[in-house]
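Asker: Model the following, please.
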Amino acid sequence: GTSGGGGGGQGASVTVRLQGEGGSSRFSDVELECHAEPLLSRHNAVRLVRLSVHRITTLRPHATALSAAARAAALRQPPLVQPLCAAQGPSLAAGGAGGAAQEVAGAAQAARGASLAVHEAGWASTRRLLHHIQRERGTSVAWVASRGSLPYFGERLLRTRKATDEALAEVRDEKLVLRVMRRRALIDADIAREEADPRALPALAAAPLDALREYNAIAEEIIAHDEALLLDDLSVEASPLVHALLIFTRLKDAVAMMRGFLTGMLALPEPALREIYSRAVAELVFILHRQWEYVSTLQAKTPRELLASLSAALQLKSDLLAEVQSRLVSDFDLTAVRSTLSVQKCWELYTAQVDGLQVVEVQLEARVRTEIAEAETQRVEASRALGDAALAIAAADGAGAMGVARRLASMPSAVIKSVLLARLAELGPGEAALRAGALLADGGALGERAEPAPAARDEPAPAAPSHGAGAPRRRAGERASW
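Answerer: The predicted structure follows:
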């Protein structure tokens, strides 16, 4: 239910109440204080509103609260090094203990190197799977929409499903594989369905959009798993390069999503498209907004030198595709697009665009891998320096301490802090460890916070795409952008 006041063309304040799913204790009833503004006042009986949430209030508390152990576990990171030498006991500070400490540290670093290799291989396999799922999405939606009447897509559907199966076999996360297989099974019934009774037109017309939604959910699961693997298991800092890769991956998926959607709508018979036209327009607006959102984020948050290497990928490679995109943004007229673009041509143009994005994405992945390797080298050096510092302090070795101090002074403070935080996390949920970890995370112990990401570029982010007569026009000779 909603309630709110205000009005006019500028929007209104709205309160939205959401009830926990099925009365389950896992979810709370919440109240959202929002500002509502028209996104699309009216088009083909569709009325769309954008809600900006300002505050969330829990109306009913969760049945179970997090335990102290769970809260402490949230602070933990994957172990980077074995406990520092000083924490192993006084014996390590005695004569001859340095060799033993170095042996322990060397074994820990070798184990971490092996773990990183495993996680990086898993990351690479999920990215391959995502690319094949994106292809399978387009061919499947077109095949379902045409009710199996387009051999061009039938041949490609068989090839893409085989490639997806091979990519699934390489994924190491069994839970992710099972989730993907379960969602694919939901679509298989529509893919295998023979020519159906015309009296079932509403269900048949909706089948392509249902298949698209399922594939979108599959892609989102893979992307979310991929992001967690990169940021958590590989312990990668959210650098500008990593941020650019994450957003670029989602932009590529939004373009591939448009490929599947538009190919399917062109493959639908005219009566079936009329049956679902309102829902199709709503889906189109959603996809267009995703594209604009990710391009805007890249342009606003990516450093200039990195954005320069991505700018070519953000341009539409085909004049016909630019014309289609412009028409869709200005009036959402799917019927007009059907008169200018065939199903096969639509697939070919968008596939060329997505493949171009794939090339840039692979280049970004290679740069991120290099960044991971360099960061790991810094962690190893910081771990060794901290171990040597613990030994020098325990042995009251002034000369040794000065040498270690010089080494530590030349290292980025963020790297030293990450090693110390990992060590504190290994100590368990003790109060002292938690306080020390919070102090380090806040920058107080080292007197310097981690280096912030580069500030946003001076240019403002692009405005949301306007519609109708007020839509922005390109300058002469300027290539269209997403």
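Asker: tell me the average confidence for the helix or strand Ser278 falls within?
Answerer: Take DSSP states H and E as the rule and Ser278 turns out to sit in helix 277-301. Computed over helix 277-301, the mean pLDDT rounds to 91.
Asker: next SSE after it?
Answerer: Helix 277-301 is succeeded, C-terminally, by helix 304-310 (DSSP H and E).
Asker: buried set for that following helix?
Answerer: Leu306, Leu307, Leu310 (16 or more other C-beta atoms under 10 Å). Where C-beta positions appear, they are placed from N, C-alpha and C, glycine not excepted.
Asker: Looking at those residues, spot the one nearest Leu328.
Answerer: For the buried residues of helix 304-310, the minimum distance to Leu328 (C-beta to C-beta) is 23.0 Å, reached by Leu310.
Asker: the helices in the stretch 151-300 of the chain, which residues?
Answerer: Along the stretch 151-300 of the chain, the segments classed as helices by DSSP state H, counting those that start in this stretch run 151-170, 174-192, 201-228, 240-267, 270-275, 277-301.
Asker: Low-confidence stretches in the protein?
Answerer: For the chain, the stretches with pLDDT under 70 are 1-10, 19-29, 38-48, 58-119, 193-202, 232-238, 423-482.
Asker: What are the boundaries of the strands in it?
Answerer: 2-6, 12-18, 30-43, 46-58 (DSSP state E).
Asker: who touches Ala401 in this structure?
Answerer: Residues near Ala401 by C-beta atoms under 8 Å, 6 or more residues apart in numbering: Ala389, Ala392, Ile393.
Asker: In helices, which of these fall?
Answerer: Those of those mapping onto helices are Ala389, Ala392, Ile393, per DSSP state H.
Asker: Next, work out how far apart the second one and Arg379 are.
Answerer: Same thing as Ala392. Separation of Ala392 from Arg379 (C-beta to C-beta, to the nearest Å): 20 Å.
Asker: same question, the first one
Answerer: Computed as C-beta to C-beta, the Ala389 to Arg379 distance reads 15 Å.
Asker: residues touching the residue nearest to Leu341 when sequence neighbours are not counted, list them.
Answerer: Leaving aside its sequence neighbours, Leu341 sits nearest to Val324 (C-beta to C-beta, 6 or more residues apart in numbering; 5.9 Å). Counting by C-beta under 8 Å, 6+ apart, Val324 makes contact with Leu262, Val337, Thr340, Leu341, Cys346.
Asker: Pipe those into CSV and attach distance to Glu221 and neighbour count per row.
Answerer: Listed next are the contacts of Val324 as CSV, based on distance: C-beta to C-beta, whole Å; neighbours: other C-beta atoms under 10 Å:
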residue, distance to Glu221, neighbour count
Leu262, 23, 28
Val337, 30, 19
Thr340, 35, 12
Leu341, 31, 19
Cys346, 26, 26
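Asker: Format the residues you listed as a markdown table; extra columns: distance to Leu298.
Answerer: Listed next are these as a markdown table, based on distance: C-beta to C-beta, whole Å:
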| residue | distance to Leu298 |
| --- | --- |
| Leu262 | 23 |
| Val337 | 26 |
| Thr340 | 29 |
| Leu341 | 27 |
| Cys346 | 25 |
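Asker: biggest separation within those, which pair?
Answerer: Farthest-apart pair in the contacts of Val324 is Leu262 and Thr340; separation 11.9 Å (C-beta to C-beta).
Asker: mind listing what's buried in stretch 332-343?
Answerer: Phe332, Leu334, Val337, Arg338, Leu341, Val343.
Asker: What of stretch 225-232?
Answerer: Residues His225, Asp226, Glu227, Leu229, Leu230 are the ones in stretch 225-232 that count as buried (16+ other C-beta under 10 Å).
Asker: before we move on, what about stretch 281-300?
Answerer: Within stretch 281-300, the residues that count as buried by 16+ other C-beta under 10 Å are 281-285, 287-299.
Asker: and of the contacts of Val324, the nearest to Val171?
Answerer: Distance to Val171 across the contacts of Val324 (C-beta to C-beta) is lowest for Leu262, with 28.9 Å.
Asker: Quick check: the closest one vs Val141, distance?
Answerer: 10 Å.
Asker: One more: Leu310?
Answerer: Using C-beta to C-beta, we find Leu310 at a distance of 28 Å from Val141.
Asker: Then Cys34?
Answerer: 33 Å.
Asker: for Met257, same thing?
Answerer: When distance is defined by C-beta to C-beta, Met257 is 10 Å away from Val141.
Asker: same check, this time on Ala256
Answerer: 11 Å.
Asker: quick one: contacts for Met411?
Answerer: Contacts of Met411 by C-beta under 8 Å, 6+ apart are Gln378, Glu381, Ala382, Ala385.
Asker: Tell me who's in contact with the third one.
Answerer: When contacts are counted by C-beta under 8 Å, 6+ apart, Ala382 touches Leu408, Met411, Val415, Ile416, Ser418, Val419.
Asker: one more time with 7 Å
Answerer: For Ala382, the contacting residues are Met411, Val415, Ile416, Val419, by C-beta atoms under 7 Å, 6 or more residues apart in numbering.
Asker: Now do the third one: how many residues are near it, please.
Answerer: Ile416 has 23 neighbouring residues, counting by other C-beta atoms under 10 Å.
Asker: Next: Gly387.
Answerer: Neighbours of Gly387 (other C-beta under 10 Å): 26.
Asker: Repeat that for Asp253.
Answerer: Count around Asp253 with other C-beta under 10 Å applied: 24.
Asker: Show the contacting residues for the nearest residue to it once chain neighbours are set aside.
Answerer: Nearest non-adjacent residue to Asp253, counting by C-beta to C-beta, 6+ apart: Ala219, 5.4 Å away. With contacts defined as C-beta under 7 Å, 6+ apart, the neighbours of Ala219 are Leu130, Ile133, Gln134, Asp253.
Asker: now swap in Thr302 and tell me
Answerer: Residues counted as contacts of Thr302 (C-beta under 7 Å, 6+ apart) are Pro240, Ala244, Leu310.
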